[in-house]
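> Let's see this in three dimensions:
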Amino acid sequence: MAKAPAKRPGRKRRPCDRNTPEDVLDVFRQVGQIALDPCSNPWSLVRARVEFSAHRGEDGLAAAWHPHVLPGEVAYVNPEYTAGEIPKWMEKANKEARYFNGIGAGIVFLVPADCSTGHYQTGWRTANAVLKWGRRVEFIGGGSGNMWPSVSWFWGPPQLMYRFCYYAEPHGIVEVLRRAPV
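Sure, this is the predicted structure:
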């Protein structure tokens with residue numbers, strides 16, 4: 001299991017500043033280079049080429065994502081799980097997906113797998129594929145442990161969607177929801 005990076009000077013870690021562990025990120029790095037992390041924090045293990053962080057006063061919801069990715073690359077989105085945040089990020093991913101498909105890039109999104117929520121239903125209606133993780137993802141840092149199973153949504157062109165499905169399949173249940181971009 002990956003160690004949490006050391007606290008960076010001058011930054012106070014909030015309970016919502018959890019980070020995706022390396023073993024989960026490695027699955028998505030096989031889909032394509034992670035070029036963008038629009039909801040990063042100072043302790044992130046993602047190591048995207050471009051990171052937007054609220055700790056630096058950057059707003060990943062307001063910024064355009066598509067100018068920061070190249071064909072064959074992905075944006076990785078693991079938003080805060082605080083009340084009301086996930087639906088905003090889902091809507092943003094859905095809007096950006098149209099641009100990403102046009103340039104041959106993808107979006108990978110990691111959130112709680114609660115099918116009673118609007119964000120889950122948005123993913124189900126709009127994403128190209130989904131991974132229902134076969135285990136709980138153990139996030140690094142922040143507050144208490146993960147009490148929800150996780151789901152990863154994918155938006156993008158067929159060639160990246162097939163890579164997502166291939167590399168995700170050993171980790172849970174994978175479903176292709178639609179082959180054509182939304």
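> residues contacting residue 39?
Taking Cβ atoms under 8 Å, 6 or more residues apart in numbering as the contact definition, residue 39 lies against 52, 54, 60, 77-80, 89. For glycine as for every other residue, the C-beta is placed from the backbone atoms N, C-alpha and C.
> Look up the pLDDT of residue 91 for me, please.
Per-residue pLDDT puts residue 91 at 93.
> which one is it nearest to, not counting chain neighbours?
Computed as Cβ to Cβ, 6 or more residues apart in numbering, the closest residue to residue 91 that is not its neighbour in sequence is residue 122, at 7.1 Å.
> pLDDT (mean, whole number) over the helix or strand where that neighbour lies?
Residue 122 is located in helix 118-126, with elements delineated by DSSP states H and E. Over the span of helix 118-126, the pLDDT mean works out to 92.
> now the very next helix or strand once past that helix and helix 118-126, what's the angle there?
On the C-terminal side of helix 118-126, the nearest following helix or strand under DSSP H and E is strand 129-133. Here the directions of strand 129-133 and helix 118-126 differ by 140 degrees (axes from the mean of the first three to the mean of the last three Cα atoms, to 10 degrees).
> buried stuff in strand 129-133?
For strand 129-133, burial by neighbour count (16 or more other Cβ atoms under 10 Å) applies to 129-133.
> before we move on, what about stretch 97-107?
97, 100-101, 104-107.
> No more questions from me, cheers.
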